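**Q** mind folding the following:
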Amino acid sequence: MAWFRREKKPVEKPTPPEERRVRTEGMWTKCEACGQIIWKKDLETNWNVCPRCQHHFRLSAVRRLELLLDDGQWIEHDGALESTDPLDFMDARPYSERLREAQQKTGLADAILTAEGRLQGRTVICCSMEFGFIGGSMGAVVGEKVTRAAELALARRLPLVIVSCSGGARMMEGAISLMQMAKICAALGRLDRAAVPYISVLADPTTGGVTASYAMLGDLNIAEPGALIGFAGPRVIEQTIRQKLPEGFQRAEFLLAHGFLDAVVHRKELKQYIASALDFFLA
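**A** Numbers count the residues shown, from 1 in each chain. Got it, this is the predicted structure:
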């Protein structure tokens, strides 16, 4: 009968079964294009580009500046500007609540960062949009910061680089957001007349009022591979014209082939490409 007796005392506090498992949740991601499972740290090291198919995932505004500016160093301008909810707007939730949530989530005051730094040794003014902040939408603050960036570039005769990644104008600010298009275009017009270079980089996605204004007004308009670029979405266009759209419609490669862009450049080559373009413009 000794065979059936427990000779050793049981462990008083056994490790719960859920803690015995290796925790891997949130450490892997799946490529949207090829289905490859990628270790997130490897993806971040590779600037959010799939190592298998070269699909470009989105980059945050801060990471974008780290990619473009030397040593990841810059001076931020107008960082304290934030929306005052001018229309006291409410849909499913108050707009003020959405703003606070986006600020906590991204650590930014609004959907764009304006920075001054060096790109391959040349001082530039660089704006970088954050899609994670209410879809990178353009409200009064985004419009004001882009306008101020253009005015600063003009005053100091520094090249301007804007990286767009946006769902368009911010509907919670109504006509106020639409007014930003004209204001920014006027500032960029003054920059153009002064022959100060402006390079526009279009990341995935760049749509709506941002595409209809400053994103397409660069002396050089560059897109990342596979970026969705357009004003209205494909579904809206199909419903309007009642026709099936061509394959790849509104993707960067399609737009390049039809003369809407100047270049499609891989993310890892983007900094050198912009530097070479500035050397050409300022020679």
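**Q** kindly list the main-chain dihedrals of residue 161?
**A** Here the main-chain torsion angles of residue 161 (degrees, to the nearest 10) amount to phi -120, psi 130.
**Q** secondary structure class for the residue nearest to residue 34 when sequence neighbours are not counted?
**A** Beyond its immediate neighbours in the sequence, the residue positioned closest to residue 34 (C-beta to C-beta, 6 or more residues apart in numbering) is residue 53, lying 4.0 Å away. In this view, the C-beta of every residue, glycine as well, is placed from N, C-alpha and C. Judged by DSSP: H, G, I helix; E, B strand; the rest coil, the three-state class of residue 53 is coil.
**Q** residue 53: what's it in contact with?
**A** Remark: with contacts taken as C-beta atoms under 8 Å, 6 or more residues apart in numbering, residue 53 is in contact with 31, 33-34, 36.
**Q** got the contact list for residue 126?
**A** The neighbourhood of residue 126, defined by C-beta under 8 Å, 6+ apart, consists of 65, 68-69, 74, 114-117, 119, 160-163.
**Q** and these, which is closest to residue 259?
**A** residue 162 (21.1 Å; C-beta to C-beta).
**Q** beta-bridge partners for the closest one, please?
**A** Taking DSSP bridges as the rule, residue 162 bridges to residue 127, residue 200.
**Q** where's it relative to residue 154, distance?
**A** Taking C-beta to C-beta, to the nearest Å as the criterion, residue 162 is separated from residue 154 by 14 Å.
**Q** quick one: which of those two has more around it?
**A** Set side by side, residue 162 and residue 154 give different neighbour counts by other C-beta atoms under 10 Å, the larger being at residue 162 (26 against 19).
**Q** wait, the more buried one touches residue 213, no?
**A** No: Residue 162 sits out of contact with residue 213 when judged by C-beta atoms under 8 Å, with a separation of 10.6 Å.
**Q** which of the contacts of residue 126 fall in strands?
**A** The members of those that map onto strands under DSSP state E are 114-117, 119, 160-163.
**Q** for residue 283, what are its contacts?
**A** Applying C-beta under 8 Å, 6+ apart, no residues qualify as near residue 283.
**Q** quick check, residue 89 in contact with residue 95.
**A** Yes: counting by C-beta under 8 Å, residue 95 is a contact partner of residue 89 at 4.1 Å.
**Q** identify the contacts common to these two.
**A** Each of 172-173 lies in contact with both residue 89 and residue 95 under the rule C-beta under 8 Å, 6+ apart.
**Q** neighbour-wise, which of the two wins?
**A** A count of neighbours by other C-beta under 10 Å puts residue 95 above the other of residue 89 and residue 95, at 21 against 16.
**Q** what's the pLDDT at the more buried one?
**A** We note a pLDDT of 96 for residue 95 in this prediction.
**Q** next: residue 23.
**A** 60.
**Q** want to throw the contacts of residue 126 into TSV with pLDDT?
**A** As requested, these are arranged in TSV below (pLDDT from 0 to 100):
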residue	pLDDT
65	98
68	98
69	98
74	97
114	98
115	98
116	98
117	98
119	98
160	98
161	98
162	98
163	98
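**Q** quick one, which of those are buried?
**A** For those, a burial check counting by 16 or more other C-beta atoms under 10 Å picks out 65, 68-69, 74, 114-117, 119, 160-163.
**Q** okay, now the domains of this structure?
**A** 25-57, 59-281 (automatic domain parsing).
**Q** now, of those, which is deepest in the fold?
**A** Sort the domains of the chain by mean neighbour count, taking mean count of other C-beta atoms under 10 Å, and domain 59-281 sits at the top with a mean of 18.
**Q** pull the residues that contact the longest helix along the chain.
**A** Identified as the longest helix of the chain according to DSSP state H is helix 174-193. If you take C-beta under 8 Å, 6+ apart as the criterion, helix 174-193 is touched by 86-87, 89, 137-140, 142-144, 146-147, 150-151, 153-154, 160, 169-171, 198, 209, 212-214, 217, 219.
**Q** which of those fall within strands?
**A** Residues from the contacts of helix 174-193 lying in strands, with DSSP E as the criterion: 160, 198.
**Q** could you list the low-pLDDT ranges of the stretch 1-150 of the chain?
**A** Under the criterion of pLDDT under 70, the regions of the stretch 1-150 of the chain flagged as low confidence span 1-25.
**Q** TSV for the buried ones among the contacts of residue 126, including distance to residue 185?
**A** Compiled in TSV, those are given as follows (distance: C-beta to C-beta, whole Å):
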residue	distance to residue 185
65	24
68	24
69	26
74	26
114	18
115	22
116	23
117	25
119	24
160	14
161	17
162	13
163	18
